[in-house]
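this one's structure only:
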């Protein structure tokens, strides 16, 4: 009898230990997985039973939660939803916090971040529910609206930045979507809307400013110029070959200039003039002479190959840029094409913006960021981000001050006397570069502009990409006027 009792006792103890271990495993080690599991309806109701914090632009809420009349206590709302969709992302009962700041700053917005520990304790003690904090963005409502209106019904992207700090002032991606359509409290309808929006390569859910990759076209010539000047063998006035045609090395293919134009009657011209008129043959030859290692190294210093995290918190992937690409192991004919931003070179609009930002910032690469500060439920700032977020990698200049000044002068010439004339602003010195992104044969090229103003004391850098750019190979009529409107608004 005693043996049987002992065996039963041992079994009870063993089962108790298994139960304790099992519950501990789920309560402590798998708590994050349980919370994120979309099948966990209890967690879903828990998320909606307290007020989620606001996303703010100029101190005003563009995303907020209000009391609901259904089984979910709060409803997420978006002001000018399409206008800010690239910034906010969305929050829904089917996808939870998805994309943009809703996902990247989720722990702040739902109040679960460590910085709210005191609020959590006090609310628990007083029997109150959890309350989220607010996220203040760096976006300017004025510039966001101007960028949105200027791009109009065309597909593409517009980005604006303070080049001295890296603060993103405008972020527009088109086509856009309305987050309110995804925030509805009907899971079937929300799922249907999401499925429809997510279809295809042209999905409005794609934030083209940081995620889509395009050949940068002639805007890449600024990087070529930086590499040449940084080598010590060139300056802005150095003469370089600029023939009407250039036989690509190892091929029978002749590379022409736009419209078969003659860049120079002598077959040579100053580096400044080659950039001013965007001479293809000059930069293709220059790229081959400088070599792949030098061009690739300079491109990497400008940020190519780097994933930039614009808002780092719970889910940094939500606002992490796709790394831009400069291809490896190029033959000289491919290097020639890459040097004019064609072939397998691929940039995000953010990367193209950083070309101008480096020049405007006297050679330093400003780290782009989208969040200014975090506020607790009472409106008190509990976390403030520095005005400049240079990582260790970018604390030192990526080009010298002198190189930046020469590039500044060259980019001024592009606007004042070259292909970017439509970016001119009366009474303001503007610097910039247009570009063409040729995609497939017979397709209308995409049009680029990257630039900054005032050139003598830069306060804003802008990048515009217009897809299928109105059959304008230089970008002068499609993208430059959009950039002009944004820069003009910033300087008023």
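Nice, thanks for sending it over. Everything quoted here is computed from the prediction, not taken from an experiment.

shouldn't residue 54 be in contact with residue 108?
No. Taking contacts as C-beta atoms under 8 Å, residue 54 lies outside contact range of residue 108: 10.7 Å. Using the backbone N, CA and C atoms, a C-beta is placed for each residue, glycine as well.

So the two - more neighbours on which side?
Per other C-beta atoms under 10 Å, whichever of residue 54 and residue 108 has more neighbours is residue 108, with 27 against 22.

That one and residue 116: what is the separation?
Separation of residue 108 from residue 116 (C-beta to C-beta, to the nearest Å): 8 Å.

Could you tell me which residues touch both of residue 54 and residue 108?
Shared contacts of residue 54 and residue 108 (C-beta atoms under 8 Å, 6 or more residues apart in numbering): residue 135.

how near is the residue nearest to residue 221 when sequence neighbours are not counted to residue 50?
Nearest residue to residue 221 in three dimensions, chain neighbours excluded: residue 283, at 4.9 Å (C-beta to C-beta, 6 or more residues apart in numbering). Separation of residue 283 from residue 50 (C-beta to C-beta): 57 Å.

Straight-line length of stretch 321-333, end to end?
Stretch 321-333 has an end-to-end distance of 30 Å (criterion: C-alpha to C-alpha, to the nearest Å).

May I see the buried residues of it?
Neighbour counts over stretch 321-333 (16 or more other C-beta atoms under 10 Å) mark 321, 322, 324, 325, 326, 330, 332, 333 as buried.

For the closest residue to residue 59 other than its chain neighbours, identify the helix or strand it belongs to.
Closest residue in space to residue 59, ignoring its immediate chain neighbours: residue 136 at 7.2 Å, by C-beta to C-beta, 6+ apart. Taking DSSP states H and E as the criterion, residue 136 maps to strand 134-137.

tell me which strands and helices that strand is in contact with?
Strand 134-137 is packed against strand 55-57, helix 106-109, strand 371-375, with contacts defined by 3 or more C-beta pairs under 8 Å, 6 or more residues apart in numbering; DSSP states H and E.

and with 7 Å instead?
For strand 134-137, the elements it packs on are strand 55-57, strand 371-375, judged by 3 or more C-beta pairs under 7 Å, 6 or more residues apart in numbering; DSSP states H and E.

list the helices and strands whichever helix or strand comes after that strand packs on?
Next in sequence after strand 134-137, counting helices and strands by DSSP H and E, comes helix 141-151. On a contact count with 3+ C-beta pairs under 7 Å, 6+ apart, helix 141-151 meets helix 81-88, strand 156-161, strand 168-174, helix 480-491.

how far off strand 156-161 does helix 141-151 point, in degrees?
On the basis of axes from the mean of the first three to the mean of the last three C-alpha atoms, to 10 degrees, helix 141-151 is oriented at 150 degrees to strand 156-161.

Please point out which parts of helix 141-151 sit buried.
Judged by neighbour count (16+ other C-beta under 10 Å), helix 141-151 contains these buried residues: 141, 142, 143, 144, 146, 147, 148, 150, 151.

what sits up against stretch 420-435?
Residues from elsewhere that reach stretch 420-435, judged by C-beta atoms under 7 Å, 6 or more residues apart in numbering: 216-219, 221-222, 341, 408, 411-412, 414-415, 419, 448-456, 474-477, 479-481, 483-484, 487-488, 491.

Figure out how far it is from the centre of its chain.
With C-alpha atoms, centre = their mean, to the nearest Å as the basis, stretch 420-435 stands 23 Å off its chain's centre.

tell me the average confidence for the strand or helix carrying residue 358?
Secondary structure assigned from DSSP H and E places residue 358 in helix 349-360. Summarised as a single mean, pLDDT over helix 349-360 is 98.

Off-centre distance for that helix?
11 Å.

One more: stretch 306-326?
What separates the centre of stretch 306-326 from the centre of its chain is 8 Å, taken as C-alpha atoms, centre = their mean.

Give me the pLDDT for residue 27.
At residue 27, pLDDT is 48.

for residue 401, that is, sorry about that
On the pLDDT scale, residue 401 gets 97.

The chain should start at 450 in everything you say after this.
Fine by me, first position is 450 from now on; the one you just mentioned is residue 850.

count of neighbours near residue 515?
Residue 515: 9 neighbours (other C-beta under 10 Å).

so it is in which element?
Going by DSSP H and E, residue 515 is in strand 509-516.

which residues are contacting that strand?
Applying C-beta under 7 Å, 6+ apart, the set of residues contacting strand 509-516 is 500-501, 503-504, 522-529, 533, 537.

list the helices and strands whatever helix or strand comes next after it packs on?
Counting by DSSP H and E, the next helix or strand C-terminal to strand 509-516 is strand 523-527. The helices and strands touching strand 523-527, judged by 3+ C-beta pairs under 7 Å, 6+ apart, are strand 509-516.

Tell me the buried residues in the strand it packs on?
By 16+ other C-beta under 10 Å, the buried positions in strand 509-516 come out as 511, 512, 513, 514.

Got phi/psi on the nearest residue in space to residue 745 that is not next to it in sequence?
Residue nearest to residue 745 in three dimensions, not counting chain neighbours: residue 775, with 5.2 Å by C-beta to C-beta, 6+ apart. Per-residue torsions, residue 775: phi -120, psi 120 (degrees, to the nearest 10).

Equivalent analysis for residue 882, please.
Dihedral angles for residue 882 - degrees, to the nearest 10 - are phi -150, psi 130.

That one - how many residues pack around it?
Neighbour number of residue 882 under other C-beta under 10 Å is 34.

just to revisit the earlier point, need the residues touching each of residue 557 and residue 565.
Counting by C-beta under 7 Å, 6+ apart, the common neighbours of residue 557 and residue 565 are residue 582.

No more questions from me, cheers.
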